[in-house]
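Novice: Dropping a prediction and its sequence here:
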Amino acid sequence: MRAALIALVPTLFTGLASAQPIGENPPSWTIQCIEVSGRSVPPVCQAPASRLDAREDICNCSGGGLRVEVDICAMDERPPSENRALDVARREASRDGSLRGDKVGEQRICVPSRLDR
C-alpha cells in the first residue's frame, strides 16, 4: 500500500504541471506530441464538456512523442500545412520543450483551438 502511494505522488505533480493556465479562457497555448522525426502525434487530453470553456485540464503523450507546448492559432490564422519542412522545423525547435513563437518559413507554428477542430 505504501509503495502504491509513493508511486502516485510524482504522477499527481506531473498532472498539475501539465495543466493550462487557469486565468486564460480561451487559452493561448496547448500541448502537442512530437515524434523524433518531427511528426505530430495526437495528445490525450482531459477537457471540460463545455463549448464555452476552451481550456484543457491535462494533456499527455501516451501514444508516444515528446510533450511540447505550442501556440493556439488566432481567429484569422491558419496552421502551417503538414509537410516535410514543418516536420524538420518541429524536430529542431522542439528540443527545448516548446514550439511557442517558432516559425516554419515566415509562418508561425500553431494549432487550431480545441473548439475549432
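Specialist: Nice, I can see it.

Novice: any idea whether S94 is helix, strand or coil?
Specialist: Following DSSP: H, G, I helix; E, B strand; the rest coil, we place S94 in the helix state.

Novice: does it really touch G65, like I thought?
Specialist: No: using Cβ atoms under 8 Å, S94 is not in contact with G65, being 9.2 Å away. (C-beta placed from N, C-alpha, C; glycine too.)

Novice: Give the residue from the two that has the larger number of neighbours.
Specialist: Using other Cβ atoms under 10 Å, the more surrounded residue of S94 and G65 is S94, with 24 against 19.

Novice: check contacts around the more buried one.
Specialist: S94 is in contact with 34, 38, 66, 68, counting by Cβ atoms under 8 Å, 6 or more residues apart in numbering.

Novice: what do you get if the cut-off is 7 Å, keeping everything else the same?
Specialist: 34, 66, 68 (Cβ atoms under 7 Å, 6 or more residues apart in numbering).

Novice: quick check, nearest of the residues you listed to P80?
Specialist: P80 lies nearest to I34 out of the contacts of S94, by Cβ to Cβ, at 13.8 Å.

Novice: and that closest one, backbone torsions?
Specialist: I34 adopts backbone torsions of phi -120, psi 120, taken as degrees, to the nearest 10.

Novice: Can you check the pLDDT for it?
Specialist: If you check I34, the pLDDT there is 96.
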